[in-house]
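Participant: dropping a prediction and its sequence here:
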Amino acid sequence: MKDLFLNYIHQLQDTITSTLEQLDGKAKFQEDLWERPEGGGGRTRVIENGNLFEKGGVNISAVHGELPEALRKNFKVEEGDFFACGLSLVLHPKNPFIPTVHANWRYFEMYDAAGNIVTQWFGGGQDLTPYYLFEEDAKHFHSVCKTACDKHHPEFYPKHKETCDNYFWNAHRNEARGVGGLFFDYLKKTDEFTMQDRYNFVTEIGNSFLESYVPIVERRKNMEYTQEHKDWQEIRRGRYVEFNLVHDRGTLFGLKTNGRIESILMSLPPTVQWKYNHHPEKGSEEAKLVTILKHPKEWIS
């Protein structure tokens, strides 16, 4: 399973980066290959200063070795080895009317002293973070997510959508990071689902990513914007940074497993503002977004 999924994310990285380069029309992804001293490594691809994308990354990693102490405590085991691989991407567009997007799809195995798999699971998802709310964009993103989920189980979309709303929540701000999407973790073998079923589902979601996001970029890329729009985008990017550094489990996992710091912090936007006690003007488009983020909604029936 680990070889199957690792091969898949290599292919998916190629597909996504080539499509995004064509969409941007200017910038190309810079590739870095890196190795982790304890075992494994990755292939980081970063795009910067493009026509559309101010900064973004589409990264894959596959790391293995002895389970770090922090994770041994988390899994309540005395010892063990692990393998983890995944693809993680974040795209921060230049135009404030194009939303930021995040996605990742990952696989994890843990072994006993004899090298036998004692647990394995898939995780991942994709979510949208707009700076200005266009309901048709949110509905499109969620409809693609739902269509992919519905091919595998009718309860997957509502379940994983709710998990996403709960997970990408800035508790210290009492607001969502964005308009959600899908989030799932610890998808294991059960009486109902084999690991092959789990693989089929996660790859279905991965394959749907470009369909969920590219039409939104194309719809918004030529909209004119002002410095005021850009300022608001950078203020909201600050909330994005806060979530990633305070709450995100993926960031914490990378730091606790001695991951490559440049790849882990690739998700942070290039320019950000923190204005003291900032509140958007009542009735404005900016205020409309904040209202939605305070109360996550159902985007499709």
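Facilitator: That came through, no problem.
Participant: centre-most residue in this structure?
Facilitator: In the chain, the centroid-proximal residue (C-alpha atoms, centre = their mean) is Ala103; its distance is 2.6 Å.
Participant: residues touching that residue, list them.
Facilitator: Leu87, Ser88, Leu89, Gly124, Gly125, Gln126, Asp127, Gly206, Phe209 (C-beta atoms under 8 Å, 6 or more residues apart in numbering). For every residue, glycine as well, the C-beta is placed using N, CA and C.
Participant: how about Leu12?
Facilitator: So Leu12 contacts Leu87, Trp105, Gly206, Asn207 (C-beta under 8 Å, 6+ apart).
Participant: again, only this time at 6 Å
Facilitator: Listed by C-beta atoms under 6 Å, 6 or more residues apart in numbering, the contact set of Leu12 reads Leu87, Gly206.
Participant: give the buried residues for the helix or strand bottoming out on mean pLDDT in the chain.
Facilitator: None of the helices or strands of the chain scores lower by mean pLDDT, DSSP states H and E than helix 69-75, at a mean of 72. By neighbour count on 16 or more other C-beta atoms under 10 Å, the buried set for helix 69-75 is Leu71, Arg72.
Participant: I'd like to know which elements the very next helix or strand once past it is packed against.
Facilitator: Next helix or strand after helix 69-75 toward the C-terminus (DSSP states H and E): strand 81-93. Packing contacts for strand 81-93, counted by 3 or more C-beta pairs under 6 Å, 6 or more residues apart in numbering; DSSP states H and E, involve helix 2-24, strand 53-66, strand 100-111.
Participant: and Glu286, which of the ones you listed is closest to it?
Facilitator: Distance to Glu286, taken as C-beta to C-beta, is lowest for strand 100-111 among these, at 15.7 Å.
Participant: on that earlier part again, ok, and the closest non-adjacent residue to the residue nearest to the centre of the chain?
Facilitator: Leaving aside its sequence neighbours, Ala103 sits nearest to Gln126 (C-beta to C-beta, 6 or more residues apart in numbering; 3.7 Å).
Participant: about what we covered before: between the helices and strands packed on strand 81-93, which one is closest to Asn166.
Facilitator: strand 100-111 (15.8 Å).
Participant: and the closest one, C-alpha only, in PDB?
Facilitator: Taking C-alpha atoms only, strand 100-111 is exported to PDB below (Å, rounded to 0.1, in the frame of the first residue of the first chain):
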ATOM      1  CA  THR A 100      -6.200  30.700  -1.200                       C
ATOM      2  CA  VAL A 101      -6.500  26.900  -1.300                       C
ATOM      3  CA  HIS A 102      -4.900  24.100   0.800                       C
ATOM      4  CA  ALA A 103      -5.000  20.400   0.300                       C
ATOM      5  CA  ASN A 104      -3.100  17.300   1.400                       C
ATOM      6  CA  TRP A 105      -3.500  13.600   1.100                       C
ATOM      7  CA  ARG A 106      -1.300  11.300   3.300                       C
ATOM      8  CA  TYR A 107      -0.700   7.700   4.400                       C
ATOM      9  CA  PHE A 108       0.800   6.400   7.700                       C
ATOM     10  CA  GLU A 109       2.000   3.000   8.900                       C
ATOM     11  CA  MET A 110       3.400   2.000  12.200                       C
ATOM     12  CA  TYR A 111       5.400  -1.300  12.900                       C
END
